[in-house]
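> Sequence first, predicted coordinates after that:
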Amino acid sequence: MFESSASRCRGAQVSRIKPLARARLASLLLLAGLAGAGLARADSLSTLPPPPSELFGDLFIAVQTQQIFEDQKTFVDAVPNSDPATILQLYAQQKNQPNFNLKSFVLANFTLPSEPPITPPSGQTLREHINWLWPKLTRTNTSAPPYSSMIPLPKPYVVPGGRFREGYYWDTYFTMLGLQESGREDLVDNMLDDFAYEIDRFGHIPNGNRTYYLSRSQPPFFGLMVSLAANYEGARVYQKYLPQLRKEYAYWMRGENSTPRGEATRNVVVLGDGTTLNRYWDERDTPRDESYIEDVKTAQQVPSRPPSEVYRNLRAAAESGWDFSSRWFGDSHTLATIRTTSIIPVDLNSLLFGLELTIVKGCGVARDYSCVAEFIGRAKRRVEGINRYLWNRNGYYGDYDWQLGKPRDNISVASIYPVFAGAAWPGRAERTLKAVRENLLKDRGLATTTIETGQQWDAPNGWAPLHWLTIEAARRYGRDDLAKDVGTRFLADVNQVYAAQGKLVEKYVVEGPNAGGGGGGEYPLQDGFGWTNGVTLKLLDLYAPGQ
């Protein structure tokens, strides 16, 4: 589970009372539980506070609803200057007084997050700039301030940059690619150990190391990270992390043996013929702490749907990493029609196929041959399910709506995941690569989808991780020409933005007359940027080694 037994008990009690009383009770429970140790600290590696929405109740709702900060993530990353019970008591006493100012109250009682500006030396080449950035993006948080939403980790890790001031699960794989190119295998090993620690502690790798991210994971790249390290350090790495590989797999497969045909449990979907595949999910069905007002406004657009249903689907899309995209929309255009939990995603199931094969490698090194046989069987059934349900009649791999019983026809770069993972039948791999090239390859790289919705995971945006996966998929099937075409176009886009602005960014516009950083979504374009840095170093070494 994602919480300790004490946290689960606390959460069950808290959910049945009103927000302000809930927050007060949460604070008192925390104080009572920690006082016996002599110091009420939430930075212990064994104890975490609830997320800010529970910890601060009505105050949290007021701050996020009144939008006193431009970014909803600001308040949930802030650190209280005293214990929550005291702050809530002050808030109750002052909020109805004349001239009460909510922002002034928050500034007096919380320390807001801040990141020092990154000012690189002038004249750096792109490669020099990325190597210079790694230390600037590295964090060490073996402890956290009392009642902070930060989850401490035992070893240093690399953050994406900008507002993303904590580690993120799937981002890290692409960051690791670049760290290895920079000779920083030490940081690769540190982050693997951090993720292994989280799996041991929570049963899964959270979306990010914040308490408000604990209710979901992200695309399961841990097995691929283990393989990256094994490529450098030898097969013993598979055995070292085998317990965590198996625990993560168990997290994604919870409920597989008790779910009736035609139904779903958490991340598991059992189809009518008994085929078991997976979906994205989140344990909570409330507005996200870090995007509270956005989620509330989305739910208000569809009064015919229960708000909890909308919130769950928004959260599940956040687990996918594609938050947000036409992939998840019922009408393929409108966020309010989101139905993520009704969709079996092609990327998730391809990654789980890869995880099954990684476990086979680990069990082989450990000489656990019954495990080898079990996971070979699981991988075989998975690949059969992918090719039965996630092959689109239009000639590419794609998502499947299990509740409507039909494929979703909107093509996206997610189509390449079975090709990347080796789950694609050879003829279908070639057809998928052809469809991606014809529909998504633009002058400056791959558009994420063919649809413009104003969401960041749609056209005209292109993302570094999806370019790398496509390049690897093309190379796997002997299409080095396509890999080079994709890689050089995107690298030229990154170079152009760096030459003009002196930075790397989270996403890029890859089509249309205006080159530059991408847009759309819930927050402004972020600089840094971990996964762009990692992929760019790989592209430089492949296609511009002298640069």
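Perfect, I can see it now. Numbering: from 1, shown residues only.
> wait, isn't Ala336 in contact with Ser304?
No. Using C-beta atoms under 8 Å, Ala336 is not in contact with Ser304; the gap is 10.3 Å. All C-beta atoms are positioned from the backbone trio N, CA, C, and that covers glycine.
> can you pull out the strands in the stretch 251-400 of the chain?
263-265, 268-270, 276-278, 343-344, 391-392, 396-397, 400-401 (DSSP state E, counting those that start in this stretch).
> Save the ones you listed as TSV, and put in distance to Arg428 and mean neighbour count too.
Listed next are these as TSV, based on distance: least, C-beta to C-beta, whole Å; neighbours: other C-beta atoms under 10 Å:
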stretch	distance to Arg428	mean neighbour count
strand 263-265	26	17
strand 268-270	22	23
strand 276-278	17	22
strand 343-344	17	26
strand 391-392	6	21
strand 396-397	7	28
strand 400-401	15	20
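> Out of those strands, flag the one nearest Asp285.
strand 263-265 (14.5 Å; C-beta to C-beta).
> How far does stretch 499-512 stretch from one end to the other?
Stretch 499-512 has its terminal residues 19 Å apart, counting by C-alpha to C-alpha, to the nearest Å.
> now swap in stretch 321-335 and tell me
Stretch 321-335: ends 15 Å apart by C-alpha to C-alpha.
> Residues touching it, excluding its own?
Outside stretch 321-335, the residues within contact range by C-beta atoms under 8 Å, 6 or more residues apart in numbering are 170, 218-219, 298, 313-314, 316-317, 320, 337-340, 343, 345, 399, 408, 410, 412, 414, 448-449, 451, 453, 455-458, 521-522.
> I'd like to know which of those residues are buried.
170, 218-219, 298, 313-314, 316-317, 320, 337-340, 343, 345, 399, 408, 410, 412, 414, 448-449, 451, 453, 455-458, 521-522 (16 or more other C-beta atoms under 10 Å).
> pLDDT score for Leu30?
If you check Leu30, the pLDDT there is 35.
> Could you number the chain from 8 rather than 1 from now on?
That works, and once the first residue is 8, the last one we named lands at Leu37.
> Take the strands of the stretch 258-407 of the chain and write them to TSV, including distance to Ser129.
Listed next are the strands of the stretch 258-407 of the chain as TSV, based on distance: least, C-beta to C-beta, whole Å:
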stretch	distance to Ser129
strand 270-272	55
strand 275-277	53
strand 283-285	48
strand 350-351	47
strand 398-399	49
strand 403-404	45
strand 407-408	51
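> Out of these, the one nearest Gly130 is which?
That would be strand 403-404 among the strands of the stretch 258-407 of the chain, by C-beta to C-beta, at 44.3 Å.
> mind listing what the closest one pairs with, with the direction of each?
strand 398-399 (antiparallel) (DSSP bridges).
> Check the average confidence over the strand it pairs with, would you?
98.
> Pro314: neighbouring residues, count only.
17 (other C-beta atoms under 10 Å).
> With Ala373 instead?
So Ala373, with other C-beta under 10 Å, has 14 neighbours.
> For the stretch 108-257 of the chain, which segments count as helices?
109-116, 133-143, 176-188, 192-209, 229-240, 243-247, 249-259 (DSSP state H, counting those that start in this stretch).
> For the longest one, enumerate the helices and strands it packs against.
For helix 192-209, the helices and strands in contact under the criterion 3 or more C-beta pairs under 8 Å, 6 or more residues apart in numbering; DSSP states H and E are strand 164-165, helix 176-188, helix 229-240, helix 249-259.
> which one of these lies closest to Ala430?
Per C-beta to C-beta, nearest to Ala430 of the helices and strands packed on helix 192-209: helix 229-240, 13.6 Å.
> Identify each buried residue in that closest one, please.
229-237.
> can you list the weak-confidence ranges in the protein?
Low-confidence segments of the chain, defined by pLDDT under 70: 8-53.
> Next up, phi/psi of the residue lying farthest from the centre of it, please.
Each residue of the chain has a distance to the centre, and by C-alpha atoms, centre = their mean the biggest one is for Pro105: 43.2 Å. Main-chain torsions, Pro105, degrees, to the nearest 10: phi -60, psi 140.
> distance of it from Leu66?
Distance of Pro105 to Leu66, given as C-beta to C-beta, to the nearest Å: 19 Å.
> can you check Phe427 too?
For Phe427 relative to Leu66 (C-beta to C-beta), the value is 45 Å.
> Wait, Thr457 touches Leu447, no?
Yes. Counting by C-beta under 8 Å, Thr457 sits close enough to Leu447 to count as a contact (6.9 Å).
> what do those two both touch?
418-419.
> more neighbours, these two?
When neighbours are counted by other C-beta under 10 Å, Leu447 comes out ahead of the other of Thr457 and Leu447, with 25 against 14.
> quick one: contacts for the more buried one?
418-420, 453-457.
> Pro59 touches Phe82, doesn't it?
Yes. Between Pro59 and Phe82 there is a contact under C-beta under 8 Å: 6.9 Å.
> Between these two, which is the more surrounded one?
Neighbour tally, Pro59 and Phe82, criterion other C-beta under 10 Å: the higher count belongs to Pro59, 28 against 23.
> Would you quantify the distance from the nearest residue to the more buried one once chain neighbours are set aside to Tyr299?
Of all residues not flanking Pro59 in the chain, Val83 sits nearest, at 4.5 Å (C-beta to C-beta, 6 or more residues apart in numbering). Val83 sits 8 Å away from Tyr299, going by C-beta to C-beta.
> Common neighbours of those two, please.
Joint contacts of Val83 and Tyr299 (C-beta under 8 Å, 6+ apart) are Ser60.
> which neighbours do Pro59 and Phe82 share?
Shared contacts of Pro59 and Phe82 (C-beta under 8 Å, 6+ apart): Phe67.
> doesn't Leu231 make contact with Phe202?
No. Phe202 is beyond contact range of Leu231, at 11.6 Å (criterion: C-beta under 8 Å).
> ranges for the strands of the stretch 8-157 of the chain?
In the stretch 8-157 of the chain, the strands defined using DSSP E, counting those that start in this stretch lie at 86-87, 117-118, 145-146.
> and those strands, which is most packed in?
strand 86-87 (a mean of 20; mean count of other C-beta atoms under 10 Å).
> Endpoint to endpoint, stretch 114-127 covers what distance?
Termini of stretch 114-127 sit 31 Å apart (C-alpha to C-alpha).
> Going by neighbour count, list what's buried in it.
Residues of stretch 114-127 classed as buried by neighbour count (16+ other C-beta under 10 Å): 116-117, 120.
> Include distance to Leu194 when you put those into a markdown table, please.
What follows is the buried residues of stretch 114-127, written out as a markdown table (distance: C-beta to C-beta, whole Å):
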| residue | distance to Leu194 |
| --- | --- |
| Asn116 | 36 |
| Phe117 | 31 |
| Pro120 | 23 |
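> of those residues, closest to Pro520?
Closest approach to Pro520 among the buried residues of stretch 114-127 (C-beta to C-beta): Pro120, at 36.7 Å.
> So Gly405 is in contact with Ile423, correct?
No. Under the criterion of C-beta under 8 Å, Gly405 makes no contact with Ile423, lying 10.7 Å away.
> Give me the more crowded residue out of these two.
Ile423 (31 against 25).
> Just to check, the more buried one is in contact with Ala480?
Yes. Between Ile423 and Ala480 a contact is recorded at 4.5 Å, counting by C-beta under 8 Å.
> between those two, what contacts are shared?
Leu440.
> Surely Leu546 touches Phe497?
Yes. Between Leu546 and Phe497 there is a contact under C-beta under 8 Å: 7.0 Å.
> Compare these two and say which one has the larger neighbour count.
Each of Leu546 and Phe497 has its neighbours counted (other C-beta under 10 Å); Phe497 has more, 30 against 25.
> Look up the closest residue to the more buried one, ignoring the ones flanking it.
Gly452 (3.6 Å).
> From His136, how far off is the one you found?
Relative to His136, and taking C-beta to C-beta, Gly452 is found at 20 Å.
> And the two? Which one has more around it.
Taking neighbours as other C-beta under 10 Å, Gly452 and His136 compare with Gly452 leading, 29 against 18.
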